[in-house]
Each structure stands twice: as structure tokens, then as C-alpha cells.
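A.B. asks: Return a 3D structure for these sequence lines:
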Amino acid sequence: MRLLLIADTHLPLRAKALPDQVWREVEAADVVVHAGDWVEVTLLDELEARSKRLIGVYGNNDGADLRARLPEIARADLDGVCLAVIHETGGKQGRERRCDEQFPGTDVLVFGHSHIPWDTVTPNGLRLLNPGSPTDRRRQPFCTYQTAEIRDGELRDVVLHELPLRR
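C.D. replies: Next up, the predicted model:
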């Protein structure tokens with residue numbers, strides 16, 4: 001099972017559309033995960049139409065229309081991997097401890113908000129993934145997203161992809 005992980009798209013404020021490279025990943029993915037801050041409902045509609053399966057949550061920049069359609073926390077069993085998605089996990093100090101406490105029994109937690117890619121494992125074995133942002137790099141050198149695979153009940157081959165700078 002191929003996963004595409006994105007967050008903090010902020011469309012159309014930070015970009016007019018997702019980069020073509022991300023749309024190609026949408027087409028290749030079995031599951032698209034969006035960890036919030038869509039900003040407008042148009043991207044949600046488009047991802048629902050073009051994804052085989054979409055798991056998403058709302059973020060702090062998402063209004064009532066998105067909050068009416070998306071949860072604050074999403075959970076799914078993906079071929080034996082217990083996945084959770086949330087927009088914010090708080091500051092990086094103490095993140096692993098907080099997430100262990102808030103998400104017991106979870107294998108993978110995908111989050112956003114900071115626009116800073118993150119990939120760590122907590123003391124309890126929870127994999128924490130933040131794909132960064134494919135449209136707003138902030139202080140990062142590149143806009144980013146992540147892909148991963150689930151095989152034999154395990155998350156494998158997590159890759160952070162850097163997008164070319166827009167002109």
C-alpha cells in the first residue's frame with residue numbers, strides 16, 4: 001500500500017494549486033493523508049475526486065466549511081498499521097512524550113502545522129511524521145511531502161521529497 005503524506009497546503013493563499021509532482025503522487029497513492037491547513041474547501045473536493053482513499057483532518061487555518069467535513073483527529077487501520085492524523089502536536093520540546101500519552105496503541109502519527117519535516121520514533125515506538133508543506137516552505141530550503149509504503153503490517157520506505165523552487 002503506497003501512502004502520500006501532505007500538510008499545510010494553504011491553497012490558494014500560498015500557491016494557486018498543488019505542484020504537478022504532488023498530483024502525480026496522488027494518482028500513484030493508494031491512500032492520501034492530509035494533516036490540515038487546507039484553507040479552502042476546493043482542494044478537499046479535488047482530492048476526494050482524484051484519490052483512491054483520502055484521510056484528512058482540519059487545521060487551525062481551516063474555517064467552518066472544512067471543519068464540518070473533517071475531524072480534528074482521524075484514525076485508520078491500514079493493513080494492520082494503526083494510523084492517526086492530527087494537525088498540531090505542540091512544540092518540539094516534549095513532543096515524543098506528549099504523543100505517546102495522547103496516542104496509545106497507535107503505530108504512526110502524521111501531523112503538520114510547523115511546515116518543518118519531522119521523522120522520529122517515540123520511546124513507546126510511535127512513528128511521528130510531518131511531511132512539511134508542498135506549497136509554503138517558510139524557513140525551510142524546500143517545499144516538501146513524504147511517501148511511504150505499508151507491507152506485511154509495517155510502515156516502510158518513508159521518503160521525504162523536496163520540490164523544485166517555484167519561479
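
A.B. asks: residues of stretch 85-99 that come out buried?
C.D. replies: Val85, Ile86, His87, Glu88, Thr89, Arg95, Glu96, Cys99 (16 or more other Cβ atoms under 10 Å). Every C-beta, even on glycine, is put in place using the N, C-alpha and C of the backbone.

A.B. asks: got a markdown table for these, with pLDDT and secondary structure too?
C.D. replies: Supplementary listing: these in a markdown table, determined by pLDDT from 0 to 100; DSSP: H, G, I helix; E, B strand; the rest coil:
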| residue | pLDDT | secondary structure |
| --- | --- | --- |
| Val85 | 98 | strand |
| Ile86 | 98 | strand |
| His87 | 98 | coil |
| Glu88 | 97 | coil |
| Thr89 | 97 | coil |
| Arg95 | 96 | helix |
| Glu96 | 96 | helix |
| Cys99 | 98 | helix |
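
A.B. asks: which one among these gets closest to Arg137?
C.D. replies: His87 (18.1 Å; Cβ to Cβ).

A.B. asks: So for stretch 146-159, what gets flagged as buried?
C.D. replies: In stretch 146-159, residues buried by neighbour count (16+ other Cβ under 10 Å) are Gln146, Thr147, Ala148, Ile150, Leu155, Val158.

A.B. asks: Next, the distance between the ends of that stretch.
C.D. replies: Using Cα to Cα, to the nearest Å, the span of stretch 146-159 from its first residue to its last is 5 Å.

A.B. asks: Now do that stretch: distance to the chain's middle.
C.D. replies: Taking Cα atoms, centre = their mean, to the nearest Å, one finds the center of stretch 146-159 at 14 Å from the center of the full chain.

A.B. asks: average pLDDT for it?
C.D. replies: For stretch 146-159, mean pLDDT is 97.

A.B. asks: Residues contacting it, please?
C.D. replies: Contacts to stretch 146-159, defined as Cβ atoms under 8 Å, 6 or more residues apart in numbering, come from residues 1-6, 25, 29, 78-81, 107-108, 117, 119, 127, 129, 131-132, 160-161.

A.B. asks: From Asp20, how far off is the closest residue to Ile73 other than its chain neighbours?
C.D. replies: Of all residues not flanking Ile73 in the chain, Ile86 sits nearest, at 5.0 Å (Cβ to Cβ, 6 or more residues apart in numbering). Distance check for Ile86 against Asp20: by Cβ to Cβ, to the nearest Å, it reads 28 Å.

A.B. asks: Next: Pro71.
C.D. replies: Here Pro71 is placed at a distance of 29 Å from Asp20 (Cβ to Cβ).
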